[in-house]
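[1] here you go, sequence then predicted model.
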Amino acid sequence: HTTLDRLRHIWPDRPVSLGEFGYSSGDLINGKYLDIHTQAVGEITHWLYALANDYDGAMKWQLCDSTPAYQWRFATWRRKEPEPENLRQRRFGMFWPDGTPEGRPKPIVHATRFLRDCIDAGLSGGELELHEDTNLIGTGYVYRAKNVLFVGGSSYTSPELSVESALPVNVMLRWDARSLTILATADATVLVALDRFLPNPVRIGKKWDRAADGRIRLQLLEGKPVVLTAGG
């Protein structure tokens, strides 16, 4: 992230972008391979940092993982690389091959799609705070902007939102006067104080699972947004 800051210091009148960054889900960290959920937490911070600091952008390497067959046929220089480096080079993608033409999206796809929807709706600027976390990269974050709250890491707790998940997760919220949309990049349980986000919250009936403090409890599924609409 600080590379962008140094470039701006040297060339304050030029656009600044970070090219071909990426976390590989084949990275070996402390004896463990980086999982795709932690990958999503780490990677989204690059886009959020560029957005919060008004940089030109960030470009991830790469769209799709390389299959072993592709690597053997075309990336001949990689044949000589020992594992785990050989594996690492194949797993930088946002999609991994599952036998279908499209490939299967990794969690980072859900996060970037949600972010793009926010930007199309006018999102700019904001504030990004990084903090220590227990995940493999040791990092979590909180990003706030107008009508937007994103949190990432192993867990999160605040009066407005609490998150619990068995996996590192991005939980992303955007709202306006009519609705609140919530997305998680892994299965997660969240507690949400609706009156912090909607001026006229939905009427909460008996069917809602409520915590002792009045917040509603939602069970979110990976990549499936939930939309709550304001009451009349």
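    Yep, it's here.

[2] quick one: Trp208 from Gly214, how far?
    Trp208 sits 11 Å away from Gly214, going by C-beta to C-beta, to the nearest Å. (C-beta placed from N, C-alpha, C; glycine too.)

[3] most residues in a single helix of this structure, which one?
    helix 36-52 (DSSP state H).

[4] run the chain-centre distance for that helix.
    In terms of C-alpha atoms, centre = their mean, to the nearest Å, the centre of helix 36-52 is set 6 Å apart from its chain centre.

[5] for the nearest residue to Cys64 once chain neighbours are set aside, grab the count of nearby residues.
    Leaving aside its sequence neighbours, Cys64 sits nearest to Gly93 (C-beta to C-beta, 6 or more residues apart in numbering; 4.3 Å). Residues lying near Gly93 (other C-beta atoms under 10 Å) number 22.

[6] going forward, begin numbering at 22 instead of 1
    In the new count, where the first residue is 22, that last one comes out as Gly114.

[7] in which helix or strand does Gly114 reside?
    If you go by DSSP states H and E, Gly114 is not part of any helix or strand.

[8] could you double-check that it sits in contact with Leu84?
    Yes - Gly114 lies in contact with Leu84 (C-beta atoms under 8 Å); the separation is 6.0 Å.

[9] distance of the closest residue in space to His131 that isn't next to it in sequence from Ala205?
    Spatially, and ignoring its direct neighbours in sequence, His131 is nearest to Gly244 (4.0 Å; C-beta to C-beta, 6+ apart). Using C-beta to C-beta, Gly244 is found at 8 Å from Ala205.

[10] pick out whichever of the two has more residues nearby.
    Ala205 (28 against 18).

[11] what's the burial count for Gly124?
    18.

[12] tell me who's in contact with it.
    Neighbour list for Gly124: 85-86, 114, 116-118 [criterion: C-beta atoms under 8 Å, 6 or more residues apart in numbering].

[13] touching, Pro189 and Thr59? I think so.
    Yes - counting by C-beta under 8 Å, Thr59 is a contact partner of Pro189 at 4.5 Å.

[14] what's the average pLDDT for stretch 29-47?
    Model confidence over stretch 29-47 averages 88 on the pLDDT scale.

[15] give me the buried positions along it.
    By neighbour count on 16 or more other C-beta atoms under 10 Å, the buried set for stretch 29-47 is 29, 37, 39, 42-47.

[16] each with direction, which strands does the longest strand along the chain pair with?
    For the chain, the longest strand by residue count, based on DSSP state E, is strand 182-196. Sheet pairing of strand 182-196 (DSSP bridges) gives strand 169-178 (antiparallel), strand 200-205 (antiparallel), strand 209-213 (antiparallel).

[17] okay, the angle between it and helix 57-73?
    50 degrees (axes from the mean of the first three to the mean of the last three C-alpha atoms, to 10 degrees).

[18] next one: strand 182-196 to chain centre, how far?
    For strand 182-196, the distance to the chain centre is 10 Å (C-alpha atoms, centre = their mean).

[19] then stretch 156-175?
    8 Å.

[20] any idea of the mean pLDDT in that stretch?
    Stretch 156-175 comes out at a mean pLDDT of 97.
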